[in-house]
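Undergrad: just the structure for this:
(one chain, ligands or ions: 1)
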Amino acid sequence: MPSTPEQHLNFIANRSCAADGGETLPVIDPSDGEVFGSIARSRASDIDRAVRAARSAFDGDWGRVSAADRSRLLMRLAGLIDANREELAQLESRDTGKPITQGRADAAALSRYFEYYAGAADKLHGQTIPYQAGYTVFTVRQAHGVTGHIIPWNYPLQIFGRSVAAALATGNACVVKPAEDACLSVIRVARLAAEAGLPEGALNVVTGLGAEAGQALAEHPGVDHVSFTGSADTGRRVAQAAAQHHCPVTLELGGKSPQIVFEDADLQAALPVLVNAIIQNAGQTCSAGSRVLIQRGIHDSVMQSLAERFAALRAGPAQADLDLGPLVSRRQLQRVWDYLSDAHTSELTFAAQGSVVDSAPAGGFYQAPVLLERVPCGNRLFQEEIFGPVLVATPFEDEAEAIALANATRYGLVAGVWTRDGARQFRLAHAIRAGQVFINNYGAGGGVELPFGGVGASGHGREKGFEALYGFTSLKTVAIRHG
Ligand code: NDP
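TA: Okay, the predicted model is just below:
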């Protein structure tokens with residue numbers, strides 16, 4: 001007898017509730033393509049209910065909690081996340097298809113976000129400013145009020161943690177719209193937050209389609225700040241919707257991040273990192289190292305080593321915990337296939353391809369990793385975010401050409417540089433257009449402590465690190481004339 005599909009409801013004002021219209025959407029396991037549950041298909045009325053709950057919390061109990069008590073609450077939540085880490089990891093892994101090792105890393109990162117921002121909550125303060133005689137001027141940092149968080153499907157736990165922990169630490173009340181393809185872990189964390197003692201309405205999660213619930217959140221006049229992570233096109237729509245009521249937005253929109261390998265690089269160190277930076281999460285990472293630029297003198301030998309490594313990579317079900325799992329959805333798999341079909345049409349060289357294990361269920365969304373050689377700068381696969389396990393390699397002559405190629409896309413999120421030349425390390429750190437530059441390492445966004453965000457089509461605003469606290473607050477200047 002088939003098991004009853006799990007029902008995952010919205011979480012508003014510390015209560016689980018169905019969507020107003022009672023509609024649901026299926027939850028699909030990317031490892032086998034089977035439906036194993038349902039989520040609420042929410043619309044504008046559900047978002048409105050959540051925004052009202054958040055407003056009441058901000059104007060009421062939550063707004064009166066001191067910074068020190070916010071810190072204690074968030075630390076308690078970090079402890080509960082730790083205590084439930086394996087459950088969260090299993091949920092994340094099944095829902096997104098990522099290997100369980102990655103699910104565990106994501107759950108650990110989530111607790112670290114809450115721990116970090118719990119520690120920071122009571123350390124954010126303003127300044128005094130010397131002004132005219134007879135005046136005292138100071139600045140205060142104040143929460144925006146109600147913050148909207150639109151979360152993508154690639155790292156639900158981590159992206160929820162990075163924006164919501166910082167927003168709560170600064171005293172905002174949050175409404176979260178996770179992606180319809182992966183939202184189960186986020187709903188679970190909201191319930192843990194209630195258990196930790198967060199007052200009603202401080203954290204609300206509403207699921208549904210982007211064009212319905214997501215759009216309704218971005219355009220809701222009761223929202224005071226929107227944090228969005230996802231594609232550049234949807235980011236533009238979100239910013240336009242928020243602009244209708246002059247609402248500030250933070251946009252984290254992905255990238256086409258280069259890793260530049262010079263002839264003097266430590267290749268032993270570089271090679272495993274070059275591979276991991278594109279196969280982690282099956283390439284569905286905004287900061288994936290999706291282009292590798294290789295200096296001509298070592299091009300052929302580096303390509304050969306990369307090809308050997310790619311040929312050995314294996315994709316399989318999340319629970320098999322191989323190099324990579326399936327992609328998140330059939331839609332995402334089709335997007336990647338479209339790019340690979342373009343690669344064939346434009347006669348790009350497939351230098352190597354990994355494999356999908358025989359035991360992978362036929363209904364799963366698998367794509368073996370692909371290494372493409374000598375991809376020209378003008379090619380679509382060099383320019384666009386594929387968001388799959390596809391690495392494009394391109395040779396360069398000298399430092400000037402490396403910089404030009406690194407900066408030749410509309411994105412600017414992360415870059416990696418591999419060289420032993422100290423002066424060149426500094427020159428490239430300055431010259432590359434990106435929000436983060438890693439020298440002789442690559443962090444795919446780096447640790448919780450490192451400010452993260454992009455320039456150009458990669459977005460604007462910074463999350464992570466202490467810097468995020470500035471984004472989730474506004475600065476007020478107070479001038480007192482006392483004579
Ligand atoms: P989207 O940018 O469309 O989705 C990201 C989030 O925005 C999801 O929660 C989505 O909800 C929501 N959303 C969608 N439309 C709207 C809207 N009109 N208003 C408000 N919110 C909305 O990404 P896709 O899932 O369509 O993926 C497409 C491509 O985007 C990928 O191939 C990849 O290149 C890129 N991407 C980049 C990410 C990153 O981290 N930089 C993350 C995800 C995707 P829902 O999914 O429920 O529709």
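
Undergrad: neighbours around residue 335, how many?
TA: 15 (other CB atoms under 10 Å). All C-beta spots, glycine's among them, are computed from the backbone N, C-alpha and C.

Undergrad: against residue 385, how distant is it?
TA: 10 Å (CB to CB, to the nearest Å).

Undergrad: what does residue 355 give?
TA: 24 Å.

Undergrad: more crowded one of those two?
TA: The neighbour comparison of residue 355 against residue 385 (other CB under 10 Å) goes to residue 385, with 25 against 17.

Undergrad: what residues are up against the more buried one?
TA: Taking CB atoms under 8 Å, 6 or more residues apart in numbering, we find residue 385 in contact with 231, 232, 254, 255, 256, 286, 290, 411.

Undergrad: let me have the residues you listed in a markdown table, extended by pLDDT.
TA: Formatted as a markdown table, the contacts of residue 385 follow (pLDDT from 0 to 100):
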| residue | pLDDT |
| --- | --- |
| 231 | 97 |
| 232 | 95 |
| 254 | 92 |
| 255 | 97 |
| 256 | 98 |
| 286 | 96 |
| 290 | 98 |
| 411 | 98 |
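
Undergrad: so which of those reach the ligand?
TA: 231, 254, 286 (CB under 6 Å from any ligand atom).

Undergrad: possible to save these as JSON lines with distance to residue 329 and secondary structure?
TA: Converted to JSON lines, these look like this (distance: CB to CB, whole Å; DSSP: H, G, I helix; E, B strand; the rest coil):
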{"residue": "231", "distance to residue 329": "14", "secondary structure": "coil"}
{"residue": "254", "distance to residue 329": "17", "secondary structure": "coil"}
{"residue": "286", "distance to residue 329": "17", "secondary structure": "coil"}
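
Undergrad: can you list the residues of the chain near the ligand?
TA: 150-152, 154, 177, 179-181, 209-211, 214-215, 218, 229-231, 234, 237-238, 253-254, 286, 335, 385, 387.

Undergrad: mind listing which of those residues are in strands?
TA: 150, 177, 229 (DSSP state E).

Undergrad: from those residues, which single one is nearest residue 340?
TA: Among these, residue 229 lies closest to residue 340 (CB to CB), at 25.3 Å.

Undergrad: my guess is the closest one meets residue 238, correct?
TA: No: Residue 229 lies out of contact with residue 238 (CB atoms under 8 Å); the separation is 10.1 Å.

Undergrad: intersection of neighbour lists for the two?
TA: residue 150.

Undergrad: bridged to residue 35, which residues?
TA: Going by DSSP bridges, residue 35 is paired in beta bridges with residue 28.

Undergrad: per-residue confidence at it?
TA: Residue 35 is assigned a predicted lDDT (pLDDT) of 97.

Undergrad: circling back to that earlier point, out of the contacts of residue 385, who's the most crowded?
TA: Neighbour max across the contacts of residue 385 (other CB under 10 Å) = residue 255, 31 neighbours.

Undergrad: quick check: nearest residue in space to it, chain neighbours excluded?
TA: With sequence-adjacent residues excluded and distances taken as CB to CB, 6 or more residues apart in numbering, residue 255 is closest to residue 413, at 3.0 Å.

Undergrad: my guess is the one you found contacts residue 438. True?
TA: No: the criterion here is CB under 8 Å, and residue 413 misses it with residue 438 at 11.6 Å.

Undergrad: who's more crowded, the two?
TA: Taking other CB under 10 Å, residue 413 and residue 438 do not tie; residue 413 has more neighbours (27 against 23).

Undergrad: for the more buried one, list the residues it contacts.
TA: 254, 255, 257, 286, 287, 434, 435, 436, 453, 454, 458.

Undergrad: any chance of TSV for the residues you listed, columns distance to residue 161?
TA: Below are the contacts of residue 413 laid out as TSV (distance: CB to CB, whole Å):
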residue	distance to residue 161
254	19
255	20
257	22
286	15
287	16
434	23
435	19
436	18
453	16
454	19
458	20
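
Undergrad: wouldn't residue 460 be in contact with residue 453 here?
TA: Yes: the criterion here is CB under 8 Å, and residue 460 meets it with residue 453 at 6.8 Å.

Undergrad: which of these two has more neighbours?
TA: The residue with more neighbours, out of residue 460 and residue 453, is residue 453; 24 against 16, by other CB under 10 Å.

Undergrad: phi first, then psi, for residue 251.
TA: Main-chain dihedrals, residue 251, degrees, to the nearest 10: phi -120, psi 120.

Undergrad: just give the closest residue to it, not the sequence neighbours.
TA: The nearest residue in space to residue 251 (CB to CB, 6+ apart) is residue 459, at 3.5 Å.

Undergrad: the one you found bridge partners, please.
TA: residue 252.

Undergrad: for it, give its distance to residue 234.
TA: 11 Å.

Undergrad: these two - which one has more neighbours?
TA: residue 459 (28 against 20).

Undergrad: returning to what we had before: wait, which of the ones in strands among the residues of the chain next to the ligand is closest to residue 343?
TA: Using CB to CB, those come closest to residue 343 at residue 229, 27.2 Å.

Undergrad: report the contact partners of the closest residue to that closest one other than its chain neighbours.
TA: Nearest residue to residue 229 in three dimensions, chain neighbours excluded: residue 252, at 4.3 Å (CB to CB, 6+ apart). Listed by CB under 8 Å, 6+ apart, the contact set of residue 252 reads 227, 228, 229, 230, 286, 452, 453, 454, 458, 459, 461, 463.

Undergrad: with that, I have no additional questions.
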